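>>> fold the following, please.
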Amino acid sequence: MTHQDDNAGVIAPPPLLALGVIVLGPLLDWLAPAYLLSLMLSLTERIMFPIILIGAGAAMGYAAIKAFRAAGTRVEPWKPTTAIVTTGVFAWMRNPMYVGGALILAGLSVALASDWMLALTFLLMPLMHYGVVKREERYLAAKFGQPYLDYMAQVSRYGWPF
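Numbers count the residues shown, from 1 in each chain. As a prediction, this is how the structure comes out:
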């Protein structure tokens, strides 16, 4: 594997994909408003739910970044990985940054009452799964072999048991 090939080959940087949701969602709300979130949730709910979702997502992301840095490896999936991180939040979930990012996007969607942003967040999930997560898994399995395969067998991809 050459240095140029030593990365997961993700379809796009995940923060860029999230930014696309943040920009495109409100634009679609303006072009074709649905008003579902603003009708279904009270103002109090539109404040409380985002605090919980964004807080949980940010905590997951922070814990993951901290664990990556402690292990001396890169956070960015488009750069070479030098270590498998299996401690901290990674002991119970293999992809806390992506779960955290989805929670943050969902929280922003509710806070802004952006129906399209929430819909795009759900559409982003399979794109992230196949275009980022599965590619990272193939890369890490090829680079680290059995230790990574053992980790995959022991720890859930997204934190739930199936």
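
>>> which residues touch the residue nearest the centre of the chain?
For the chain, the residue nearest the mean C-alpha position is Tyr98 (1.4 Å; CA atoms, centre = their mean). By CB atoms under 8 Å, 6 or more residues apart in numbering, Tyr98 lies in contact with Pro14, Met128, Val132, Val133, Tyr158. In short, each C-beta sits where N, CA and C put it, glycine included.

>>> and the last one, helix, strand or coil?
With DSSP: H, G, I helix; E, B strand; the rest coil as the basis, the three-state label of Tyr158 is coil.

>>> list phi and psi for it.
Here is the backbone geometry of Tyr158 (degrees, to the nearest 10): phi -120, psi 10.

>>> wait, isn't it in contact with Met93?
Yes - the pair Tyr158 and Met93 qualifies as a contact (CB atoms under 8 Å) at a distance of 6.5 Å.

>>> can you list residues touching both of those two?
Val99.

>>> quick one: which of these two has more around it?
When Tyr158 and Met93 are compared for neighbours, Met93 comes out ahead with 21 against 15, by other CB atoms under 10 Å.

>>> now that one, what's its secondary structure?
Recorded secondary structure, Met93: coil (three-state DSSP).
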